[in-house]
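Asks: I need the structure of the sequence given here:
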Amino acid sequence: MRWLRRLPVIVIALALAVYAGDFISVRYGIPKGRAQFGSVQVQRYYAVKLKNARTELMFQPPESQPCVHSLFPQLGASPCWYLERHTIERIDE
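Replies: Below you'll find the predicted structure:
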């Protein structure tokens, strides 16, 4: 039963260690030779609600969005693995 009380502390410590390792890997370029940053083509469109209860879609041209090769968002950029799976972005207005 003692280990059950320590389990949340162990899980939090493990999560912090993984995040810190991810940050150090991106910040200092570990392993060497791996690109730290990349870019992904993202298609954005606006969904504008009209007065007659319809929605008008206004598509924007695809644009390149910077990303970082890591598990978590680092240095103000989204992870590339996430952006590659979410290449279409809807903006509701």
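Asks: quick one, strands of the chain?
Replies: Listed from the start of the chain, the chain has strands (DSSP state E) covering 37-49, 55-59, 63-68, 78-79, 88-92.
Asks: got a markdown table for the ones you listed, with distance to residue 24 too?
Replies: From N, CA and C alone the C-beta is placed, and that goes for glycine too. What follows is the strands of the chain, written out as a markdown table (distance: least, Cβ to Cβ, whole Å):
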| stretch | distance to residue 24 |
| --- | --- |
| strand 37-49 | 16 |
| strand 55-59 | 40 |
| strand 63-68 | 13 |
| strand 78-79 | 16 |
| strand 88-92 | 30 |
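Asks: now, of these, which is deepest in the fold?
Replies: Most buried of the strands of the chain by mean neighbour count (mean count of other Cβ atoms under 10 Å) is strand 78-79; its value is a mean of 18.
Asks: contacting residues around that one?
Replies: 65, 67, 68, 69, 70, 71, 72, 73 (Cβ atoms under 8 Å, 6 or more residues apart in numbering).
Asks: Report the central residue of the chain.
Replies: The C-alpha lying nearest the average C-alpha coordinate of the chain belongs to residue 78 (Cα atoms, centre = their mean; 3.4 Å).
Asks: what's the pLDDT at the residue lying closest to residue 23 once chain neighbours are set aside?
Replies: Nearest non-adjacent residue to residue 23, counting by Cβ to Cβ, 6 or more residues apart in numbering: residue 74, 5.9 Å away. You'll see residue 74 listed with a pLDDT of 93.
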